[in-house]
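Undergrad: Got a predicted structure plus its sequence, pasted below:
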Amino acid sequence: MFLGHFAMGVGTKPFAPKLPVWVLLLAPQFMDLLFMPLVALGVEGYEPGPYGHDVLNALYTHSLVGAVVISLGAYAIGRYAWKTVRSGLILGGLCFSHWIIDLFVHHQDMPLLPGNLGGFPKLGLGLWDYEYVIFGLEVVMAVVGVGLYARWSMQARPSARWYIGPLIVTVLFGLMIMGDVPRLPPL
Ligand SMILES: [Zn+2]
């Protein structure tokens, strides 16, 4: 759902015209941005697999409590860097949307408490088992996200260059889609 998270961010642009697109793209990925250094440090783990079947050990960043804490951090960044509660809420909300989306697709690997404290059953509805459905959904999300951004850009920046931002994001998303295709299971 790498692409789906990014799509959520860029599709928010019409509702958050003051926030730069790169920030909107990154906000839904804050959890994974923290996941990567933790993998490098050996605290969390990642083994690449076919599409939807990466093996993830993300007991801190992807715990419910961890996600809330990271989202509060995203709220604080928006609140203080862009000086409005609205910016904070948008960045915090986008950040938490990562956990909600992951809850649907992940296999049961998302704990309630950091480090799976208390040993409660881990969460994840495992929809990644329907690889083509989820991949299709990601592509739809990408198209809708870029579409919303492009429409906003056309209206808000009626210069000859309104399309540059949407074009860059389209290329980026296209590369991600092309990267995922070989990882899909054979039909
Ligand atoms: Zn994630």
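TA: Perfect, thanks for sending it.
Undergrad: residues touching the residue in the chain that the ion sits nearest to, list them.
TA: Residue nearest to the ion within the chain (C-beta to the ion): Asp32, separated by 4.5 Å. Bear in mind the C-beta positions are built from the backbone N, C-alpha and C, glycine included. Asp32 makes contacts with Phe2, His5, Thr61, His98, as judged by C-beta atoms under 8 Å, 6 or more residues apart in numbering.
Undergrad: what two of those have the greatest distance between them?
TA: With distances taken as C-beta to C-beta, the most widely separated pair in the contacts of Asp32 is Phe2 and Thr61, at 14.7 Å.
Undergrad: Comparing the two, which residue is more hemmed in?
TA: Taking neighbours as other C-beta atoms under 10 Å, Phe2 and Thr61 compare with Thr61 leading, 26 against 13.
Undergrad: want to try a markdown table for the contacts of Asp32, with distance to the ion and pLDDT as columns?
TA: Formatted as a markdown table, these follow (distance: C-beta to the ion, whole Å; pLDDT from 0 to 100):
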| residue | distance to the ion | pLDDT |
| --- | --- | --- |
| Phe2 | 8 | 89 |
| His5 | 7 | 97 |
| Thr61 | 7 | 97 |
| His98 | 6 | 98 |
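Undergrad: That concludes my questions; thank you for your assistance.
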